[in-house]
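**Q** sequence? don't have it. structure:
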């Protein structure tokens, strides 16, 4: 099936893929050498089939102290996942519901900052972009909903946080070819 998104967690060489067949696959990447040749072996660790539509996007949490990722799907949801203690399976932490259209893109904010919203404090943020023309912000810690960003005339195709940890800026790309 068509792979819609790939993300790698480089510190422990785990790869996640999102596919049209509603699956998320987690792969182990082993890099070695045979003489002077570098050899790369990719082994399937697990397949997750929880979404009921195509999985459009996956993104690992950049926090090196935990292995988490978020997935976005045509079923109008995003899901937050965390690796179980056995190091092979992923458990769903929370389903992020509220979009009125397919979730096209997901991302995590850069770690290293504590975010505050009212009286709540967060160590990471998740953003989702949807075919409903909105982007939503969620806590990367527990998946709680924080804010909806409106104003797009059509589907939000891509979301990305700025890499500068001193200023959290979310950039969205829309079908009207404009960044917001």
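**A** Great, that's in hand. Keep in mind that what you see is a predicted model, and the values were worked out from it rather than measured.
**Q** residue 161 bridge partners, please.
**A** Counting by DSSP bridges, residue 161 is bridged to residue 170.
**Q** for it, give me its contacts.
**A** 107-110, 125, 127, 168-171 (CB atoms under 8 Å, 6 or more residues apart in numbering). Any C-beta I mention is one placed from the backbone N, CA and C, and that applies to glycine too.
**Q** which one of the residues you listed is nearest residue 12?
**A** Of all those, residue 12 sits closest to residue 108, with 16.3 Å by CB to CB.
**Q** point to the residue nearest the middle of the chain.
**A** Geometric centre of the chain, nearest residue: residue 59, 2.9 Å, by CA atoms, centre = their mean.
**Q** show me the contact partners of whichever strand or helix holds that residue.
**A** Assigned by DSSP states H and E, residue 59 falls within strand 55-60. By CB under 8 Å, 6+ apart, the surrounding residues in contact with strand 55-60 are 4-9, 14, 16-20, 22-24, 67-74, 102-108.
**Q** so of those residues, which ones are in strands?
**A** 4-9, 14, 16-19, 24, 68-73, 103-108 (DSSP state E).
**Q** give me the below-cutoff pLDDT ranges for this protein.
**A** 86-87, 110-120, 165-166 (pLDDT under 70).
**Q** again, only using 90
**A** For the chain, the stretches with pLDDT under 90 are 1, 9-13, 29-42, 61-67, 83-90, 108-125, 139-142, 151-153, 161-170, 175-180.
**Q** now do the contacts for the nearest residue to residue 68 once chain neighbours are set aside.
**A** Ranked by CB to CB, 6 or more residues apart in numbering and with sequence neighbours excluded, the top spatial neighbour of residue 68 is residue 61, at 4.0 Å. Contacts for residue 61 (CB under 8 Å, 6+ apart) come out as 67-70, 108, 111, 124, 140.
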